[in-house]
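Chemist: mind looking at a prediction? Sequence and model below.
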Amino acid sequence: MSTRPVRPKMSRSIYEQLPDEVKFPFPTPDGTVTVDRTRDGDEYFVHDVELVDGPLFPLGRVVATTALLGELEAAGIEEPALGALLERHRGGDWGELPAEDIFSNDEAVVSGQRILSSYSLAEVRVWVITEWDRSVTTLLRPEDH
C-alpha cells in the first residue's frame, strides 16, 4: 500500500460540493479540512486536505471516446454532466477509487505524473485521465482503455 508522500490538495469549490457524509464539519488547527475521500467509512483513510482556490492542474486538450459519448447519449445523459466531472477531476475529487490510487493522484499533482479519476453517471462508468504533461485529458469508459 502506498503512503501519502505529499499533503493532498482539493479545490475549495469542489470540497463545498462534496456530500456531507464524507466531510467532517470543523477545520483542523492547521487550516486543513478532514475528508473521507475513499467514501467507504474506513477511518484509516480519512485524512486532512489542504483547500486551494482554483483548479489543481490544467486539463490541456479535452477529448472523449465515441463509445463513451454514444453510451451517455443512449442513457439520456447530456454533455454538461461531463463538464462537472472535469471540474471534479481538476479540483482533486478523484471519484470512486481505491485509497492507493487516490494517494497516487495526490502525488501526481505535485510530481507531474498521469492522473486518473473514476466516476459514475447513472449506470455509465466514466474514467477521466490527464496525461503526465497535462497536454490532453481523455474521457472514456474503462473498457475503452
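Modeler: All right, it came through fine. Remember, predicted model here, so these are calculated numbers, not experimental data.

Chemist: give the buried residues for the longest helix along the chain.
Modeler: For the chain, the longest helix by residue count, based on DSSP state H, is helix 99-111. By neighbour count with 16 or more other Cβ atoms under 10 Å, helix 99-111 contains the buried residues 99, 101, 102, 103, 104, 105, 106, 107, 108, 109. To be clear about C-beta, it is placed using only N, CA and C from the backbone, and glycine gets the same treatment.

Chemist: closest to residue 31 out of those?
Modeler: Nearest to residue 31 among those, counting by Cβ to Cβ, is residue 106 at 17.6 Å.

Chemist: surely that closest one is in contact with residue 47?
Modeler: No. If you go by Cβ atoms under 8 Å, residue 106 and residue 47 don't touch, sitting 9.4 Å apart.

Chemist: for the most centrally placed residue in the chain, which non-adjacent residue is spatially closest?
Modeler: Centroid-nearest residue in the chain: residue 94, 1.9 Å away (criterion: Cα atoms, centre = their mean). The shortest distance from residue 94 to any non-neighbouring residue, by Cβ to Cβ, 6 or more residues apart in numbering, is to residue 117 (4.5 Å).

Chemist: hang on, the earlier thing: which other helices and strands does the longest helix of the chain contact?
Modeler: Applying 3 or more Cβ pairs under 8 Å, 6 or more residues apart in numbering; DSSP states H and E, we find helix 99-111 packed against strand 115-121.
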